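Undergrad: return a 3D structure for these sequence lines:
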Amino acid sequence: MTRALKSLFTVSNGLFVVFLLIQLLPNRAGGRIADKPLYTVALVSVLEVFLLTSGFFVKKKELRNVISDIIGFVYIVLIFWVLATVKLNVVSNAKSAVFPPPGAVLAQFVSDIKITVTNVRDSLDLVFRGYLLAMITAIPLGLILGWNVRVGAAATYITKFLSSISPLVYTPYAIVLLPSFRAASIFVIFVASFWPTLAGTMSGVLNVEKNIIDSAKTLSVGRVTMLSRVVLPASLPQVFIGCNQGLSISFILLVSAEMIGARSGIGYYVNNYVNFGNYTSALAGVFVIGIVVSVITFFFNLLQRFLLRWKKR
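TA: All right, here's what the predicted structure looks like:
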């Protein structure tokens with residue numbers, strides 16, 4: 001049996017069939033829940049086409065398995081979601097507004113696509129300003145502090161103490177001291193990203209193998225060259241761990257940051273609709289945040305693998 005033919009007989013494809021069969025069941029929720037099943041069917045159809053296409057054109061088995069498993073997980077979530085909200089009416093009428101069916105959420109996403117794109121753009125601008133500012137300051141400072149063993153040991157404990165304080169604690173001071181609410185929001189993201197990156201960089205520098213340092217010293221390498229051309233590349237694995245943690249925390253605090261006087265952004269979008277009790281729009285915004293974070297993390301991991309390609313050798 002060829003690879004392409006084998007890709008047709010998978011658990012994920014079976015789940016796709018199960019989802020389509022579930023659509024034939026009667027809706028026990030009646031008209032109390034505004035379901036729009038065509039949107040859900042369209043989504044799973046697009047996913048199935050992508051899954052089948054990957055089975056024909058993706059050569060690596062590991063990558064094909066990852067794609068199949070992710071899409072299969074999406075199918076499982078949608079199956080239970082549809083059953084709970086529409087087909088079996090597990091969600092009571094009082095809770096139906098809080099747990100809308102997937103078709104209604106997808107329909108809301110499509111209708112708000114222009115607003116969503118604008119909000120995502122504003123949120124990414126806010127996150128990356130604070131995040132990049134943290135990278136620019138934390139990585140050089142971590143190299144300098146970690147290079148001195150005595151200073152680095154003391155700075156490690158100080159960093160653990162300061163990083164344990166929630167960045168939201170600094171919000172009132174940022175509002176008072178900084179010139180605008182936007183600057184205060186960027187500061188919250190900056191603080192959230194700074195400490196994990198600093199800790200990761202110092203840990204990487206402190207754990208660089210001694211023979212690498214000694215080999216560089218025999219060549220009479222200067223301190224700046226030592227830090228930038230020897231220590232930094234050797235400590236990059238730990239630096240990336242800190243950067244990943246900082247990026248994750250930045251998006252976690254996005255909603256809180258955009259609550260500081262923001263009038264746009266996906267976090268503001270979600271919080272605003274939650275306050276008005278529109279959980280269909282709020283849930284659509286939550287999924288947008290998850291998709292955006294997943295895409296950014298994917299490209300960040302590609303960059304990490306490119307810069308750390310020497311480890312495979």
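
Undergrad: switch to C-alpha atoms for all contacts and neighbour counts from now on
TA: Fine.

Undergrad: Val49: helix or strand, and which one exactly?
TA: Assigned by DSSP states H and E, Val49 belongs to helix 37-57.

Undergrad: and the helix or strand just after that helix, which residues are buried?
TA: Later in the chain than helix 37-57, the nearest helix or strand by DSSP H and E is helix 61-82. For helix 61-82, the neighbour count (16 or more other Cα atoms under 10 Å) marks 64, 67-69, 71-72, 74-75, 78-79, 81-82 as buried.

Undergrad: give me the lowest-pLDDT entry from those residues.
TA: Across the buried residues of helix 61-82, the bottom pLDDT score, 86, is held by Arg64.

Undergrad: is it true that it touches Leu52?
TA: No: taking contacts as Cα atoms under 8 Å, Arg64 lies outside contact range of Leu52: 10.0 Å.

Undergrad: least confident secondary structure element in the protein?
TA: helix 3-6 (a mean of 55; mean pLDDT, DSSP states H and E).

Undergrad: for the longest helix anywhere in the chain, the distance to its chain's centre please.
TA: With secondary structure taken from DSSP state H, the chain has its longest helix at helix 113-147. Between the centre of helix 113-147 and the centre of its host chain there is 13 Å, according to Cα atoms, centre = their mean, to the nearest Å.

Undergrad: next structured bit after it?
TA: Downstream of helix 113-147 (by DSSP H and E), the next one is helix 149-163.

Undergrad: pLDDT averaged over that following helix - what is it?
TA: 83.

Undergrad: which elements pack onto it?
TA: Where contact means 3 or more Cα pairs under 8 Å, 6 or more residues apart in numbering; DSSP states H and E, helix 149-163 is packed against helix 113-147, helix 181-206.

Undergrad: now do the longest one against helix 149-163, angle only.
TA: I take that to be helix 113-147. Going by axes from the mean of the first three to the mean of the last three Cα atoms, to 10 degrees, helix 113-147 is angled at 150 degrees with respect to helix 149-163.

Undergrad: residues of the longest helix of the chain that come out buried?
TA: 116, 119-120, 122-124, 126-135, 138-147.

Undergrad: and the nearest residue to Leu38 once chain neighbours are set aside, what element?
TA: Distances taken as Cα to Cα, 6 or more residues apart in numbering place Gly103 nearest to Leu38, at 7.0 Å, with adjacent residues excluded. Following DSSP H and E, the helix or strand that holds Gly103 is helix 102-111.

Undergrad: all set now, cheers.
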